[in-house]
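> give me coordinates for this.
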Amino acid sequence: MSSCVMDVPQAGGQLETQTIRSMTQLYRAGVKFKKGSSTNIFDIRFNIDDGILEIPKITISDQSEVTLTNLLEYEQTLSKKVENYINDYVVILNILVNTPEDVALLVKNGIVENKL
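Got it, this is the predicted structure:
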């Protein structure tokens, strides 16, 4: 199972390690999911007050894997010139989505449209 570990500074300068959980684990912990902005797929937000994770809608089709792979490769050729937004987006989705249950939560909440 994938997880992302972040070092978060604490008071006193020490770091605390936090792990990002999968969609199903977050759901079981009480997090709600909402389709986010349709204008920017990178605009993933978590509202700590409401416990809502907003993820922009993505359409999955036969061409999605090829398109993302090509965009990742292109972004890597420009790595010194631009931020790695595509890479970061793919990494966070890879962390959040590990099982068919995770995918089902995305579909149920209108975040993923399956055109396969």
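
> use CA for all of it now, contacts and neighbours both
OK.

> and the gap between residue 23 and residue 59?
18 Å (C-alpha to C-alpha, to the nearest Å).

> looking at those two, which has the bigger crowd around it?
The neighbour comparison of residue 23 against residue 59 (other C-alpha atoms under 10 Å) goes to residue 23, with 25 against 12.

> verify the stated contact: the more buried one with residue 107.
No. Using C-alpha atoms under 8 Å, residue 23 is not in contact with residue 107; the gap is 11.7 Å.

> what about the closest residue to residue 42 other than its chain neighbours, which SS state?
With C-alpha to C-alpha, 6 or more residues apart in numbering as the criterion, residue 42 has its nearest non-adjacent residue at 6.3 Å, and that residue is residue 89. The three-state assignment at residue 89 reads helix, by DSSP: H, G, I helix; E, B strand; the rest coil.

> what's the pLDDT at residue 89?
Looking at residue 89, its pLDDT stands at 89.

> give me the number of residues near it?
14.

> repeat that for the one 5 residues further on.
Under the neighbour criterion other C-alpha under 10 Å, residue 94 is assigned a count of 15.

> can you classify it as helix, strand or coil?
Residue 94 is classified as helix under three-state DSSP.

> ok, now residue 113?
Secondary structure of residue 113, per three-state DSSP, is strand.

> give the contact list for it.
By C-alpha atoms under 8 Å, 6 or more residues apart in numbering, the contact set of residue 113 is 57-60, 107.

> mind redoing it with 10 Å?
Listed by C-alpha atoms under 10 Å, 6 or more residues apart in numbering, the contact partners of residue 113 are 57-61, 106-107.

> before we move on, what about residue 70?
Residue 70 neighbours (C-alpha under 10 Å, 6+ apart): 64, 76.

> and it, what element?
helix 64-77 (DSSP states H and E).

> give me the buried positions along that helix.
72, 75-76 (16 or more other C-alpha atoms under 10 Å).

> the closest residue to residue 40 other than its chain neighbours: how many residues sit nearby?
In space, and not counting its chain neighbours, residue 40 is closest to residue 56: 7.1 Å by C-alpha to C-alpha, 6+ apart. When counting by other C-alpha under 10 Å, one arrives at 19 neighbours for residue 56.
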